[in-house]
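Asks: Here you go, sequence then predicted model.
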Amino acid sequence: MLDAALIAQCADPSLTPAIVERFVEVAGSDDPLAITVRWGDKTILVPKPTTAEEALGIVRQHAGMATVRVGITQLPVGHGVGRSEELNGKPFDPCENLRAGTAMFAKIARIVTRWYGNPTDSQVLPQLFEDAVLAWKRGVFEGQKVFLEEDPGGQTFLIGGQSEQVELFGDEVRPPSARRKAEEQEGAGIRVDLSRIGVDP
């Protein structure tokens, strides 16, 4: 699980903390030095690096010949972190990787959201998220090479700019203000947080 302070300090502000955490959980790694090398549909086994310098050496060895992803968000080398010959240790710093990875994922989310017609129904949020994750993993969404596409702007999932954030994982998907209002109406009884039970996009 990502540290809340790391998310607050480093993640793209257009994504809610719940979305950032889930994104890294399903598409990233808990190891800042993680490297994934793929040749077509095959995953190439590489030594597990113990330092950023070792990780850079592995990346430079394979980049240009295979698809290489690095760090906690599994940023693609050549897109999210630049060309292999320009690499330094930053992609293996958790904050730098989270900053770049969530910024790229937010752009992909806006591409997906726009394709869906900028919906406002919270019920479609899990589908939007799933499609954005698949686009992140494959690099393609509906024929668009998402890492190369310009940022279309507009809303990110169901969030318009820096306005009301929407919780992704809960018994109901709704803005925090709506959830607070509902809780106030329920009175001051004992409450159990079931927000991560029963929804798996």
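Replies: Thanks, I have it. Computed from a predicted structure; not experimentally measured. Numbers count the residues shown, from 1 in each chain.
Asks: going forward, measure contacts between C-alpha atoms and count neighbours the same way
Replies: Noted.
Asks: Next one: the spatially most central residue of the chain from Thr156, what distance?
Replies: Computing the C-alpha centroid of the chain and ranking residues by C-alpha atoms, centre = their mean puts Phe23 first, at 3.9 Å. Note on Phe23: its distance to Thr156, by C-alpha to C-alpha, to the nearest Å, is 14 Å.
Asks: Determine the three-state secondary structure at Ala5.
Replies: Of the three states, Ala5 takes helix under DSSP: H, G, I helix; E, B strand; the rest coil.
Asks: what number of residues lie near it?
Replies: 9 (other C-alpha atoms under 10 Å).
Asks: Spit out the contact partners of it.
Replies: Applying C-alpha atoms under 8 Å, 6 or more residues apart in numbering to Ala5 gives no contacts.
Asks: how close does it sit to Ser29?
Replies: Counting by C-alpha to C-alpha, the gap between Ala5 and Ser29 amounts to 18 Å.
Asks: do the same with Ala11
Replies: Distance, Ala11 to Ser29, by C-alpha to C-alpha: 15 Å.
Asks: Repeat that for Asn97.
Replies: According to C-alpha to C-alpha, Asn97 and Ser29 sit 11 Å apart.
Asks: for Ala18, same thing?
Replies: Distance of Ala18 to Ser29, given as C-alpha to C-alpha: 16 Å.
Asks: Apart from its chain neighbours, what residue comes closest to Val24?
Replies: Nearest-residue entry for Val24: Thr73, 5.6 Å, with adjacent residues in sequence omitted and distances by C-alpha to C-alpha, 6 or more residues apart in numbering.
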